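Colleague: could you look at this predicted model? Sequence included:
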Amino acid sequence: MKFSISSSELLAQLQIAGGAIGSNPVLPILEDFLFTINDDQLTITATDLETTIVTKVEVMADTNGTVAIPARILLDTLKALPQQPITFAIDEESFAIEITSAYGKYKLAGENGTDFPRIPDADGTDSLVIGAPVLAQGITKSLFATSNDELRPAMTGVYFQVDFNKVVLVATDAHKLVKYTFNNLKSEISTTFIVPKKALNLLKNALPGDGEVTVSFNKANAFFAFDNIKMVCRLIDARYPDYNAVIPVDNPNELVVNRSDFQSSLKRIAIYANKTTNQVILNIQDGSLTVSAQDLDFSNEATEQLTCTFNGDPMNIGFNAKFLAEMLGVLESDEVKIQLSGPTRAGILLPLEEIENIEILMLVMPVMLSN
(Lines give C-alpha, C1' and ligand atoms only; values in the text may rest on other atoms or scores of the structure.)
Protein backbone atom coordinates (compact mmCIF):
# COMPACT_ATOMS: atom_id res chain seq x y z
CA MET A 1 0.00 0.00 0.00
CA LYS A 2 1.34 3.38 -1.03
CA PHE A 3 0.03 6.94 -0.71
CA SER A 4 1.25 10.54 -1.00
CA ILE A 5 0.21 13.68 0.90
CA SER A 6 1.49 17.13 1.85
CA SER A 7 3.48 16.89 5.10
CA SER A 8 1.91 20.04 6.59
CA GLU A 9 -1.63 18.94 5.73
CA LEU A 10 -1.05 15.56 7.37
CA LEU A 11 0.55 17.18 10.43
CA ALA A 12 -2.45 19.49 10.92
CA GLN A 13 -4.83 16.51 10.95
CA LEU A 14 -2.59 14.42 13.24
CA GLN A 15 -2.32 17.25 15.76
CA ILE A 16 -6.11 17.40 16.02
CA ALA A 17 -6.50 13.61 16.37
CA GLY A 18 -3.42 13.21 18.59
CA GLY A 19 -5.11 14.97 21.50
CA ALA A 20 -7.14 11.82 22.11
CA ILE A 21 -4.04 9.68 22.77
CA GLY A 22 -3.54 9.19 26.52
CA SER A 23 -0.21 9.53 28.32
CA ASN A 24 -0.31 6.00 29.82
CA PRO A 25 -2.29 3.82 27.39
CA VAL A 26 -3.69 0.54 28.70
CA LEU A 27 -2.84 -1.16 25.38
CA PRO A 28 0.34 -0.54 23.36
CA ILE A 29 -1.66 -0.05 20.13
CA LEU A 30 -3.38 2.98 21.72
CA GLU A 31 -0.06 4.81 21.25
CA ASP A 32 -0.71 4.60 17.49
CA PHE A 33 -2.74 6.42 14.88
CA LEU A 34 -4.96 4.13 12.83
CA PHE A 35 -4.58 4.97 9.13
CA THR A 36 -7.32 3.66 6.83
CA ILE A 37 -7.20 4.33 3.09
CA ASN A 38 -10.40 4.07 1.12
CA ASP A 39 -10.78 5.52 -2.41
CA ASP A 40 -8.04 8.15 -2.06
CA GLN A 41 -9.33 9.24 1.33
CA LEU A 42 -7.21 8.77 4.46
CA THR A 43 -9.14 8.34 7.71
CA ILE A 44 -7.01 8.96 10.83
CA THR A 45 -8.27 7.61 14.16
CA ALA A 46 -6.84 8.09 17.66
CA THR A 47 -8.37 6.98 20.96
CA ASP A 48 -7.78 6.41 24.67
CA LEU A 49 -10.98 4.27 24.81
CA GLU A 50 -12.82 7.17 26.54
CA THR A 51 -12.37 9.82 23.81
CA THR A 52 -11.91 9.14 20.11
CA ILE A 53 -11.12 11.60 17.32
CA VAL A 54 -11.54 10.68 13.66
CA THR A 55 -10.42 13.02 10.89
CA LYS A 56 -10.31 12.64 7.11
CA VAL A 57 -8.01 14.02 4.41
CA GLU A 58 -7.58 13.45 0.67
CA VAL A 59 -4.47 11.56 -0.48
CA MET A 60 -3.16 9.95 -3.67
CA ALA A 61 -3.19 6.19 -3.04
CA ASP A 62 -2.54 3.12 -5.16
CA THR A 63 -4.76 0.79 -3.12
CA ASN A 64 -7.04 0.60 -0.06
CA GLY A 65 -5.74 -0.71 3.26
CA THR A 66 -5.17 -0.09 6.95
CA VAL A 67 -2.19 0.20 9.31
CA ALA A 68 -1.47 1.43 12.85
CA ILE A 69 1.47 3.89 12.99
CA PRO A 70 3.30 4.94 16.21
CA ALA A 71 2.08 8.47 16.94
CA ARG A 72 5.05 10.07 18.69
CA ILE A 73 7.74 9.26 16.09
CA LEU A 74 5.43 10.19 13.21
CA LEU A 75 4.48 13.55 14.76
CA ASP A 76 8.11 14.37 15.60
CA THR A 77 9.19 13.54 12.04
CA LEU A 78 6.52 15.72 10.44
CA LYS A 79 7.21 18.64 12.80
CA ALA A 80 10.88 18.51 11.79
CA LEU A 81 10.11 18.52 8.04
CA PRO A 82 9.39 21.68 6.03
CA GLN A 83 6.22 21.58 3.94
CA GLN A 84 6.61 19.15 1.03
CA PRO A 85 4.95 16.09 -0.52
CA ILE A 86 5.78 12.87 1.32
CA THR A 87 5.09 9.25 0.36
CA PHE A 88 4.21 6.37 2.68
CA ALA A 89 4.91 2.79 1.57
CA ILE A 90 3.48 0.06 3.82
CA ASP A 91 4.40 -3.61 3.61
CA GLU A 92 1.02 -5.35 3.94
CA GLU A 93 2.53 -8.45 5.55
CA SER A 94 5.02 -7.07 8.08
CA PHE A 95 3.38 -3.59 8.44
CA ALA A 96 6.82 -2.01 8.08
CA ILE A 97 6.47 1.65 7.05
CA GLU A 98 8.82 3.65 4.86
CA ILE A 99 8.32 7.40 4.57
CA THR A 100 10.06 9.18 1.69
CA SER A 101 10.64 12.96 1.69
CA ALA A 102 12.80 15.25 -0.45
CA TYR A 103 15.54 14.75 2.16
CA GLY A 104 15.59 10.97 2.44
CA LYS A 105 13.88 7.89 3.83
CA TYR A 106 12.59 7.08 7.33
CA LYS A 107 11.64 3.56 8.39
CA LEU A 108 9.47 2.60 11.34
CA ALA A 109 7.52 -0.43 12.51
CA GLY A 110 3.74 -0.31 12.22
CA GLU A 111 1.11 -2.72 13.55
CA ASN A 112 -1.85 -4.55 12.10
CA GLY A 113 -4.69 -2.04 11.82
CA THR A 114 -7.31 -4.71 12.47
CA ASP A 115 -6.03 -4.95 16.09
CA PHE A 116 -7.08 -1.34 16.74
CA PRO A 117 -10.12 -1.00 19.07
CA ARG A 118 -13.48 -0.51 17.38
CA ILE A 119 -15.02 2.94 17.62
CA PRO A 120 -18.53 3.15 19.17
CA ASP A 121 -21.32 3.39 16.61
CA ALA A 122 -23.86 6.20 16.76
CA ASP A 123 -26.74 3.75 17.30
CA GLY A 124 -30.04 4.92 18.77
CA THR A 125 -28.93 8.51 19.02
CA ASP A 126 -30.83 11.78 19.21
CA SER A 127 -29.28 14.71 17.34
CA LEU A 128 -29.32 18.48 17.30
CA VAL A 129 -27.37 21.11 15.39
CA ILE A 130 -25.54 23.94 17.20
CA GLY A 131 -23.51 26.80 15.71
CA ALA A 132 -19.79 26.05 16.20
CA PRO A 133 -18.91 29.53 17.62
CA VAL A 134 -21.76 29.35 20.16
CA LEU A 135 -20.76 25.87 21.32
CA ALA A 136 -17.08 26.91 21.56
CA GLN A 137 -18.07 29.94 23.66
CA GLY A 138 -20.26 27.84 25.93
CA ILE A 139 -17.45 25.34 26.53
CA THR A 140 -14.83 28.07 27.12
CA LYS A 141 -17.04 29.92 29.58
CA SER A 142 -18.05 26.86 31.61
CA LEU A 143 -15.09 24.46 31.53
CA PHE A 144 -12.98 26.37 34.08
CA ALA A 145 -15.65 25.85 36.76
CA THR A 146 -15.54 22.02 36.60
CA SER A 147 -14.16 20.08 39.57
CA ASN A 148 -11.02 17.94 39.71
CA ASP A 149 -12.45 15.82 42.53
CA GLU A 150 -12.60 12.25 41.19
CA LEU A 151 -14.78 11.27 44.17
CA ARG A 152 -17.55 13.37 42.64
CA PRO A 153 -17.33 12.29 39.00
CA ALA A 154 -20.46 14.19 37.87
CA MET A 155 -18.81 17.51 38.71
CA THR A 156 -15.65 16.72 36.71
CA GLY A 157 -17.61 17.27 33.49
CA VAL A 158 -20.03 19.78 31.99
CA TYR A 159 -23.75 19.08 32.34
CA PHE A 160 -25.69 19.52 29.09
CA GLN A 161 -29.41 20.14 29.52
CA VAL A 162 -31.18 20.02 26.15
CA ASP A 163 -34.67 21.48 26.37
CA PHE A 164 -36.24 21.69 22.88
CA ASN A 165 -35.23 25.19 21.70
CA LYS A 166 -32.44 25.82 24.20
CA VAL A 167 -29.33 24.16 25.62
CA VAL A 168 -28.01 24.88 29.10
CA LEU A 169 -24.38 24.11 29.99
CA VAL A 170 -23.64 23.89 33.72
CA ALA A 171 -20.29 23.44 35.48
CA THR A 172 -19.54 23.60 39.19
CA ASP A 173 -16.92 22.54 41.73
CA ALA A 174 -19.13 23.46 44.74
CA HIS A 175 -17.24 26.78 45.21
CA LYS A 176 -18.20 28.35 41.89
CA LEU A 177 -20.85 27.63 39.30
CA VAL A 178 -21.47 28.67 35.70
CA LYS A 179 -24.78 28.36 33.89
CA TYR A 180 -24.55 29.18 30.17
CA THR A 181 -27.76 29.10 28.12
CA PHE A 182 -28.17 29.44 24.39
CA ASN A 183 -31.66 29.81 22.98
CA ASN A 184 -33.06 29.80 19.46
CA LEU A 185 -32.31 26.15 18.66
CA LYS A 186 -34.49 23.93 16.54
CA SER A 187 -34.82 20.55 18.23
CA GLU A 188 -37.46 18.07 19.31
CA ILE A 189 -35.38 16.77 22.21
CA SER A 190 -35.49 17.13 25.97
CA THR A 191 -32.69 15.29 27.78
CA THR A 192 -29.54 15.67 29.91
CA PHE A 193 -26.01 14.22 29.82
CA ILE A 194 -22.55 14.95 31.28
CA VAL A 195 -19.54 15.33 28.97
CA PRO A 196 -16.01 14.82 30.44
CA LYS A 197 -13.57 17.71 30.65
CA LYS A 198 -10.87 16.16 28.42
CA ALA A 199 -13.28 15.64 25.53
CA LEU A 200 -14.58 19.21 25.75
CA ASN A 201 -11.05 20.65 25.84
CA LEU A 202 -10.19 18.74 22.65
CA LEU A 203 -13.48 19.71 21.03
CA LYS A 204 -13.02 23.40 21.87
CA ASN A 205 -9.57 23.42 20.24
CA ALA A 206 -10.78 21.65 17.09
CA LEU A 207 -14.01 23.61 16.49
CA PRO A 208 -14.01 25.87 13.41
CA GLY A 209 -14.64 29.63 13.66
CA ASP A 210 -17.94 29.28 11.82
CA GLY A 211 -20.31 26.61 10.57
CA GLU A 212 -22.35 24.10 12.53
CA VAL A 213 -21.78 21.07 14.73
CA THR A 214 -24.05 18.04 14.78
CA VAL A 215 -24.29 16.79 18.35
CA SER A 216 -25.66 13.24 18.72
CA PHE A 217 -25.93 11.23 21.91
CA ASN A 218 -27.27 8.03 23.37
CA LYS A 219 -27.10 6.62 26.90
CA ALA A 220 -23.37 5.85 26.70
CA ASN A 221 -21.68 8.26 24.26
CA ALA A 222 -21.80 11.70 22.69
CA PHE A 223 -20.80 12.27 19.05
CA PHE A 224 -19.70 15.65 17.68
CA ALA A 225 -19.37 15.99 13.88
CA PHE A 226 -18.21 19.02 11.86
CA ASP A 227 -16.19 19.59 8.69
CA ASN A 228 -14.05 16.46 8.22
CA ILE A 229 -13.80 15.70 11.95
CA LYS A 230 -15.79 13.40 14.23
CA MET A 231 -15.29 13.12 17.97
CA VAL A 232 -16.79 10.41 20.16
CA CYS A 233 -16.64 10.45 23.95
CA ARG A 234 -17.99 8.27 26.69
CA LEU A 235 -20.44 10.17 28.89
CA ILE A 236 -20.04 10.38 32.66
CA ASP A 237 -22.53 7.97 34.18
CA ALA A 238 -23.51 9.87 37.33
CA ARG A 239 -26.30 12.03 38.68
CA TYR A 240 -25.66 15.76 38.46
CA PRO A 241 -26.43 17.78 41.62
CA ASP A 242 -29.53 20.00 41.64
CA TYR A 243 -27.70 23.21 40.72
CA ASN A 244 -30.86 25.35 40.78
CA ALA A 245 -31.17 24.72 44.52
CA VAL A 246 -27.95 26.66 45.25
CA ILE A 247 -28.77 29.72 43.13
CA PRO A 248 -30.28 32.33 45.51
CA VAL A 249 -33.53 33.72 44.15
CA ASP A 250 -34.02 36.86 46.25
CA ASN A 251 -30.99 39.17 45.89
CA PRO A 252 -32.00 42.71 46.84
CA ASN A 253 -28.45 44.15 46.87
CA GLU A 254 -27.03 44.95 43.45
CA LEU A 255 -23.53 46.19 42.69
CA VAL A 256 -22.46 47.43 39.22
CA VAL A 257 -18.72 47.89 38.65
CA ASN A 258 -16.27 48.15 35.77
CA ARG A 259 -15.22 44.57 35.02
CA SER A 260 -11.56 45.05 34.05
CA ASP A 261 -10.87 47.58 36.86
CA PHE A 262 -12.36 45.19 39.42
CA GLN A 263 -10.44 42.21 38.00
CA SER A 264 -7.11 44.11 38.03
CA SER A 265 -7.74 45.27 41.59
CA LEU A 266 -8.47 41.70 42.74
CA LYS A 267 -5.25 40.42 41.14
CA ARG A 268 -3.19 43.06 43.00
CA ILE A 269 -4.96 42.65 46.33
CA ALA A 270 -4.74 38.83 46.12
CA ILE A 271 -0.93 39.10 46.37
CA TYR A 272 -1.44 40.20 50.00
CA ALA A 273 -4.15 37.65 50.84
CA ASN A 274 -3.75 34.49 52.90
CA LYS A 275 -2.41 31.88 50.46
CA THR A 276 -4.71 29.14 51.80
CA THR A 277 -8.04 30.98 51.55
CA ASN A 278 -7.17 33.72 48.97
CA GLN A 279 -9.76 35.71 50.91
CA VAL A 280 -10.50 39.30 49.91
CA ILE A 281 -13.05 41.44 51.72
CA LEU A 282 -15.43 43.60 49.73
CA ASN A 283 -16.79 46.56 51.68
CA ILE A 284 -19.69 47.78 49.56
CA GLN A 285 -21.43 51.11 50.06
CA ASP A 286 -23.30 53.49 47.79
CA GLY A 287 -20.81 54.71 45.18
CA SER A 288 -17.77 53.00 46.69
CA LEU A 289 -16.29 49.48 46.67
CA THR A 290 -13.30 48.86 48.96
CA VAL A 291 -11.30 45.71 48.20
CA SER A 292 -8.94 44.58 50.97
CA ALA A 293 -6.96 41.54 52.11
CA GLN A 294 -4.57 40.66 54.87
CA ASP A 295 -2.30 37.79 55.76
CA LEU A 296 -1.76 37.97 59.51
CA ASP A 297 0.98 35.30 59.44
CA PHE A 298 3.24 37.59 57.41
CA SER A 299 1.79 41.00 58.39
CA ASN A 300 0.80 41.63 54.75
CA GLU A 301 -2.11 43.93 54.04
CA ALA A 302 -3.55 45.82 51.04
CA THR A 303 -6.57 48.03 50.33
CA GLU A 304 -7.92 49.62 47.16
CA GLN A 305 -11.04 51.65 46.45
CA LEU A 306 -13.14 51.60 43.27
CA THR A 307 -16.15 53.61 42.19
CA CYS A 308 -19.34 51.63 41.69
CA THR A 309 -23.10 51.84 41.65
CA PHE A 310 -24.78 50.05 44.53
CA ASN A 311 -28.43 49.63 45.45
CA GLY A 312 -28.94 47.95 48.79
CA ASP A 313 -27.74 47.85 52.39
CA PRO A 314 -23.99 48.46 52.96
CA MET A 315 -22.22 45.16 53.61
CA ASN A 316 -18.92 43.35 54.07
CA ILE A 317 -18.55 40.05 52.24
CA GLY A 318 -15.52 37.78 51.72
CA PHE A 319 -14.69 35.92 48.50
CA ASN A 320 -11.86 33.83 47.10
CA ALA A 321 -10.00 36.39 44.96
CA LYS A 322 -8.76 33.75 42.54
CA PHE A 323 -12.27 32.48 41.78
CA LEU A 324 -13.68 35.98 41.42
CA ALA A 325 -10.87 37.18 39.10
CA GLU A 326 -11.20 34.02 36.99
CA MET A 327 -14.93 34.58 36.51
CA LEU A 328 -14.46 38.24 35.63
CA GLY A 329 -11.89 37.13 33.03
CA VAL A 330 -14.47 34.90 31.34
CA LEU A 331 -17.25 37.51 31.24
CA GLU A 332 -16.90 39.93 28.33
CA SER A 333 -19.06 42.97 29.08
CA ASP A 334 -17.47 46.28 30.13
CA GLU A 335 -19.44 46.32 33.37
CA VAL A 336 -20.67 43.48 35.56
CA LYS A 337 -23.61 43.23 37.88
CA ILE A 338 -23.12 41.40 41.19
CA GLN A 339 -26.28 40.42 43.03
CA LEU A 340 -26.04 39.69 46.76
CA SER A 341 -28.56 38.68 49.39
CA GLY A 342 -26.23 38.71 52.41
CA PRO A 343 -22.64 38.08 53.60
CA THR A 344 -23.23 34.32 54.05
CA ARG A 345 -25.05 33.67 50.75
CA ALA A 346 -23.60 33.09 47.30
CA GLY A 347 -22.96 36.07 45.04
CA ILE A 348 -24.27 36.07 41.46
CA LEU A 349 -22.25 37.63 38.63
CA LEU A 350 -23.98 38.71 35.43
CA PRO A 351 -22.78 40.70 32.42
CA LEU A 352 -24.46 44.11 32.25
CA GLU A 353 -24.73 43.91 28.44
CA GLU A 354 -26.38 40.71 27.27
CA ILE A 355 -25.82 39.01 23.91
CA GLU A 356 -28.88 38.03 21.89
CA ASN A 357 -30.07 34.45 22.54
CA ILE A 358 -27.32 33.89 25.14
CA GLU A 359 -27.58 34.08 28.93
CA ILE A 360 -24.71 33.58 31.33
CA LEU A 361 -24.93 33.38 35.10
CA MET A 362 -21.98 32.80 37.41
CA LEU A 363 -22.18 32.04 41.11
CA VAL A 364 -19.41 32.21 43.70
CA MET A 365 -19.66 31.04 47.31
CA PRO A 366 -18.47 33.45 50.00
CA VAL A 367 -15.46 32.84 52.21
CA MET A 368 -16.77 33.34 55.74
CA LEU A 369 -15.48 36.40 57.54
CA SER A 370 -13.58 35.68 60.74
CA ASN A 371 -14.59 37.73 63.75
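Modeller: Arrived safely. Computed from a prediction, not measured in an experiment: that's the story for all the values here.
Colleague: care to break this protein down by domain?
Modeller: 2-115, 126-244, 247-364 (automatic domain parsing).
Colleague: will you turn those into JSON lines that also has mean neighbour count?
Modeller: Glycine gets a C-beta too; all of them are placed from N, C-alpha and C. Formatted as JSON lines, the domains of the chain follow (neighbours: other CB atoms under 10 Å):
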{"stretch": "domain 2-115", "mean neighbour count": "17"}
{"stretch": "domain 126-244", "mean neighbour count": "18"}
{"stretch": "domain 247-364", "mean neighbour count": "17"}
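Colleague: make TSV out of the ones you listed and add mean pLDDT.
Modeller: Shown next, in TSV, are those (pLDDT from 0 to 100):
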stretch	mean pLDDT
domain 2-115	96
domain 126-244	95
domain 247-364	95
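Colleague: ok, now which ones touch the residue lying closest to Arg234 once chain neighbours are set aside?
Modeller: The spatially closest residue to Arg234, leaving aside those adjacent along the chain, is Glu50, at 5.0 Å (CB to CB, 6 or more residues apart in numbering). Glu50 sits next to 196, 198-199, 233-234 when contact means CB atoms under 8 Å, 6 or more residues apart in numbering.
Colleague: just the closest of these to Thr77, please.
Modeller: Of all those, Thr77 sits closest to Lys198, with 26.0 Å by CB to CB.
Colleague: list the contacts of the closest one.
Modeller: Applying CB under 8 Å, 6+ apart, the residues near Lys198 are 50-51, 233.
Colleague: export those as TSV, with columns for distance to Pro343.
Modeller: Formatted as TSV, the contacts of Lys198 follow (distance: CB to CB, whole Å):
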residue	distance to Pro343
Glu50	42
Thr51	42
Cys233	41
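Colleague: in JSON lines, list these along with secondary structure.
Modeller: Formatted as JSON lines, these follow (DSSP: H, G, I helix; E, B strand; the rest coil):
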{"residue": "Glu50", "secondary structure": "coil"}
{"residue": "Thr51", "secondary structure": "strand"}
{"residue": "Cys233", "secondary structure": "strand"}
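Colleague: ok, of those, which one's closest to Thr43?
Modeller: Proximity of the contacts of Lys198 to Thr43 (CB to CB) peaks at Thr51, which lies at 16.9 Å.
Colleague: for the closest one, list each beta-bridge partner.
Modeller: Cys233 (DSSP bridges).
Colleague: repeat that for the one 4 residues further on.
Modeller: Partner residues in beta bridges with Thr55, using DSSP bridges, are Ile44, Ile229.
Colleague: wait, it touches Phe226, no?
Modeller: No. Checked against CB atoms under 8 Å, the pair Thr55 and Phe226 is beyond contact range at 10.7 Å.
Colleague: how about Gly113, phi and psi?
Modeller: Main-chain dihedrals, Gly113, degrees, to the nearest 10: phi -60, psi -20.
Colleague: please disregard the earlier target; I meant Leu200.
Modeller: Backbone torsions of Leu200, given as degrees, to the nearest 10, read phi -70, psi -40.
Colleague: one more: Glu9?
Modeller: Main-chain torsions, Glu9, degrees, to the nearest 10: phi -70, psi -40.
Colleague: same question for Ala17.
Modeller: According to degrees, to the nearest 10, Ala17 has phi -70, psi -40.
Colleague: for it, give me its contacts.
Modeller: Shown in contact with Ala17 (CB under 8 Å, 6+ apart): 33, 44-46, 53-55.
Colleague: repeat that for Glu212.
Modeller: Glu212 neighbours (CB under 8 Å, 6+ apart): 129-132, 226.
Colleague: any idea how far Pro85 lies from Phe3?
Modeller: 11 Å (CB to CB, to the nearest Å).
Colleague: hmm, Arg259 and Lys337 touching each other?
Modeller: No. In this structure, Lys337 is not within contact of Arg259 by CB under 8 Å, at 10.0 Å.
Colleague: assign the residue lying closest to Ala293 once chain neighbours are set aside to helix, strand or coil.
Modeller: Excluding the flanking residues, the one nearest Ala293 by CB to CB, 6+ apart is Ala273, at 3.8 Å. Applying three-state DSSP to Ala273 yields a three-state assignment of coil.
Colleague: quick one: contacts for Ala273?
Modeller: 279-280, 293-295, 321.
Colleague: and Ala12, what element?
Modeller: helix 7-18 (DSSP states H and E).
Colleague: how far away from the center of its chain is the helix or strand following that helix?
Modeller: Proceeding N to C from helix 7-18, the next assigned helix or strand is strand 32-38, under DSSP H and E. Relative to its chain's centre, strand 32-38 lies at 27 Å (CA atoms, centre = their mean, to the nearest Å).
Colleague: from the contact counts, what lies against strand 32-38?
Modeller: Packing partners of strand 32-38 (3 or more CB pairs under 8 Å, 6 or more residues apart in numbering; DSSP states H and E): helix 7-18, strand 41-47, strand 65-70, helix 71-80.
Colleague: isn't Glu92 right up against Met1?
Modeller: Yes. Using CB under 8 Å as the test, Glu92 is close enough to Met1 to be in contact (5.9 Å).
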